[in-house]
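Asker: this one's structure only:
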């Protein structure tokens, strides 16, 4: 079977992970890259050994040899670039978030339906061996009905700056960046209940975390001096089945250390998923805590991205059901859009306001 002919668009830090994943996937072949900065494009072209390069996205889409584009661009370009690619007859793998609003995500959904091409969003935690183990246990009923989840990704000093901190390009701060991952993962483990309402608060209160010395942290390749996004978000999501999720995210906060946490409570038991798996239940009328002996106790970043790229190839070549579905991308963006509206208007927002 002929490998899928891939072009990567956008050459920020995540593109390096995606490049490794494409190279590790037997069903794919990277034949082109695209970036508007010619200097960065030349640097990566030499590093990766890719001769076919583009600074013009429209020109790339006119190239018939390219089957599929991988979008690793700033958030505000996700939806318009996806729609352009679909209309040009290309399939799309788009990094999270699907868009910067629920309306944009719905426009992508309509275009995909009209063109018949595939769109897959890059939610790598869906392909984590560790988190899929918990998903299987949830589906098997080990914890009963999941009625509550609390989750968070909290950073002490993790503002990437560049386009991430520019709301016109990012769509927001920690919620749309980190929240895309933790909310999508939590909802999936809860059994994909239907969200009905959202209440959220955001904060931008730190005063002394802008010029920290002698500490390295992830920074965007792009330049920019604008910083008008929120630093810290708290979101409460109510679901139609009566369950709820409390999610917390931050890029800057005065805490001791960074953390990712996720806990699920069910009618038969609970589970601490992150940072380490521990099951809390009842056996023989005794409260027990169980630490399973597993090889996947930690999240494998590159392994998850490699797995999602193999799944994308399987969808394209063999018609496998795409995970996540484009509808799940719309659901997530409705939650995020409702949260931002809740923050702006200081009220509970019903998700059907974005129908």
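Answerer: Nice, I can see it. Please read these numbers as outputs of a predicted model, since none were measured by experiment.
Asker: Can you classify the closest residue to residue 24 other than its chain neighbours by secondary structure?
Answerer: Leaving out its chain neighbours, the residue that sits closest to residue 24 by CB to CB, 6 or more residues apart in numbering is residue 306, at 5.1 Å. (Each C-beta comes from the backbone N, C-alpha and C, glycine too.) What DSSP: H, G, I helix; E, B strand; the rest coil gives for residue 306 is helix.
Asker: residues contacting residue 306?
Answerer: By CB atoms under 8 Å, 6 or more residues apart in numbering, the contact set of residue 306 is 20-21, 24-25.
Asker: Sort out for me which of the residues you listed are in helices.
Answerer: For those, the ones inside helices are 20-21, 24, with DSSP state H as the criterion.
Asker: Nearest to residue 270 among those residues?
Answerer: residue 21 (33.4 Å; CB to CB).
Asker: okay, now that closest one: neighbour count?
Answerer: 24 (other CB atoms under 10 Å).
Asker: ok, the nearest residue to it once chain neighbours are set aside to residue 173 distance?
Answerer: Nearest residue to residue 21 in three dimensions, chain neighbours excluded: residue 309, at 3.9 Å (CB to CB, 6+ apart). Using CB to CB, to the nearest Å, residue 309 is found at 28 Å from residue 173.
Asker: Was I right to think residue 128 contacts residue 298?
Answerer: No: between residue 128 and residue 298 there is no contact under CB atoms under 8 Å: 9.6 Å.
Asker: Comparing the two, which residue is more hemmed in?
Answerer: residue 128 (23 against 13).
Asker: Could I get the pLDDT score of that one?
Answerer: On the pLDDT scale, residue 128 is placed at 96.
Asker: nearest spatial neighbour of it, skipping sequence neighbours?
Answerer: residue 304 (4.6 Å).
Asker: Next: residue 193.
Answerer: Per CB to CB, 6+ apart, closest to residue 193 is residue 239, 3.7 Å.
Asker: count of neighbours near that neighbour?
Answerer: Residue 239 has 21 nearby residues by other CB under 10 Å.
Asker: what's the pLDDT at it?
Answerer: For residue 239, the model assigns a pLDDT of 98.
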